[in-house]
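Engineer: Quick one, what's the 3D model for this:
(one chain, ligands or ions: 1)
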Amino acid sequence: MFDPLLVGHSAVRERLLERVGAERLGGSLLFVGPDGVGKRRVAMELAQRELCFRRSACGQCQGCLMFKDPLPVELPNLLRIAPEGKAGLIRIGAIRGDDLVEGGVIQWAHRAPPPGCHRWILVEDAHRLNGASANMLLKTLEEPPAGTHFLLVTHRPEAMLHTIRSRCERIAFQPLGADEAWAVARRQGWEENSREPWTALAAGTLRYLEPEAFQRASDQLDAWITVSGGGSFSGACAPLLPAKDAESSQGEQVGQSLEILLLLLADVARCRDGKALRLKPWAAGIERLAGSGLALEKPQARIFEALRNLIRNPSPDALLREISLVLGA
Ligand SMILES: [Zn+2]
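Structural biologist: Numbers count the residues shown, from 1 in each chain. Okay, here's the model as predicted:
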């Protein structure tokens, strides 16, 4: 989902705009930060300002109206490369062939930008570039044509090829403030009485704006509390496994499920240290786990490793089952 409204990140945005204005922005940038905080939106603002009749990304003019759902693949100064299919990969056909744009991405990058504009190439979920696609882009990322900027956006930099990462300047994004994120949720129709659980699970992201997405995350947290407390994996696992009809890839869904478990384990640690819980609405379950012998470090290490290798993991069921065993160990 694409929200044309831009929230937060004012310092990062100001710095980027200043550098564009002074022609001091690097040709290959890597936007890194949690999923769902608006990295892609900030990247698009750079292109939108150039097409805006008021040059301000006003959101009202004909130029700005091109930046709304469904987002086109190509605009006069912007090309979007996004993962496709169940595997959720960016395949070589999109980069080299005519799948995405006639002549391929590299040729597009070398065309002259429209007057008064740069050429922006946005690579969404850049950790989903497969090996061949990444290698094809390497040389161009190293030395992009004058006036062309690659904006690679990712929430899993650890899953990217080192050769790609090292060619880009890293721009770090932080989670939104709880109030900033909740203000967006309110605009989307969330009621004040949901504020505490919603902000706790969202943790400064806009991942759970859709009620179904929030419900799923909440069910996953309940399931992990059960499994961590020694409950049977088979009995509790339904919400943890990827949904077949979901828009996002299996790996991405398993990643979310594992990140919920990380939130839980972090709160168990907080509880043992006598610190305030982040997941307060689930305090009863967390306190019970804190009083049990649940080990934290070993499962956390295993989860981080799994997140690094998500793209290569063929069986969500086996992975989640294995992690539930580590929890019980
Ligand atoms: Zn405008």
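Engineer: rest of the way, CA atoms for contacts and neighbours
Structural biologist: Noted.
Engineer: Please name the nearest non-neighbouring residue to residue 118.
Structural biologist: residue 147 (5.1 Å; C-alpha to C-alpha, 6 or more residues apart in numbering).
Engineer: what's the answer for residue 171, then?
Structural biologist: residue 31 (4.9 Å).
Engineer: who's in contact with that neighbour?
Structural biologist: 39, 151-154, 170-173 (C-alpha atoms under 8 Å, 6 or more residues apart in numbering).
Engineer: which bits of the stretch 51-200 of the chain sit near the ion?
Structural biologist: 52, 57-59, 61, 64 (C-alpha under 5 Å from the ion).
Engineer: Strands - which of the residues you listed land there?
Structural biologist: Among these, DSSP state E puts none in strands.
Engineer: want to throw the residues you listed into a markdown table with pLDDT, distance to residue 119 and neighbour count?
Structural biologist: Formatted as a markdown table, those follow (pLDDT from 0 to 100; distance: C-alpha to C-alpha, whole Å; neighbours: other C-alpha atoms under 10 Å):
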| residue | pLDDT | distance to residue 119 | neighbour count |
| --- | --- | --- | --- |
| 52 | 94 | 15 | 20 |
| 57 | 89 | 17 | 23 |
| 58 | 90 | 20 | 16 |
| 59 | 88 | 20 | 19 |
| 61 | 94 | 21 | 13 |
| 64 | 93 | 17 | 23 |
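Engineer: Can you tell me which of these is closest to residue 81?
Structural biologist: Of all those, residue 64 has the smallest distance to residue 81: 19.9 Å, by C-alpha to C-alpha.
Engineer: where does the nearest residue to that closest one once chain neighbours are set aside sit relative to residue 272, distance-wise?
Structural biologist: Among residues not flanking residue 64 along the chain, residue 52 sits closest, at 5.3 Å (C-alpha to C-alpha, 6+ apart). Distance, residue 52 to residue 272, using C-alpha to C-alpha, to the nearest Å: 52 Å.
Engineer: Equivalent analysis for residue 10, please.
Structural biologist: To residue 272, residue 10 is 36 Å away according to C-alpha to C-alpha.
Engineer: Is residue 225 located within a helix, as I assumed?
Structural biologist: Yes - the assignment for residue 225 by DSSP: H, G, I helix; E, B strand; the rest coil puts it in a helix.
Engineer: Measure how buried it is and give me the count.
Structural biologist: 21 (other C-alpha atoms under 10 Å).
Engineer: And residue 115, by the same measure?
Structural biologist: If we define neighbours as other C-alpha under 10 Å, then residue 115 has 8 of them.
Engineer: Run through the residues that contact it.
Structural biologist: Residue 115 touches nothing, counting by C-alpha under 8 Å, 6+ apart.
Engineer: Helix or strand: which one has it?
Structural biologist: Counting by DSSP states H and E, residue 115 is held by no secondary-structure element, helix or strand.
Engineer: Kindly report the same for residue 94.
Structural biologist: Per DSSP H and E: helix 92-95 holds residue 94.
Engineer: Would you tell me what the next helix or strand after the helix or strand of the chain with the lowest mean pLDDT is?
Structural biologist: None of the helices or strands of the chain scores lower by mean pLDDT, DSSP states H and E than helix 92-95, at a mean of 83. Next helix or strand after helix 92-95 toward the C-terminus (DSSP H and E): helix 105-110.
Engineer: All good on my end, thank you.
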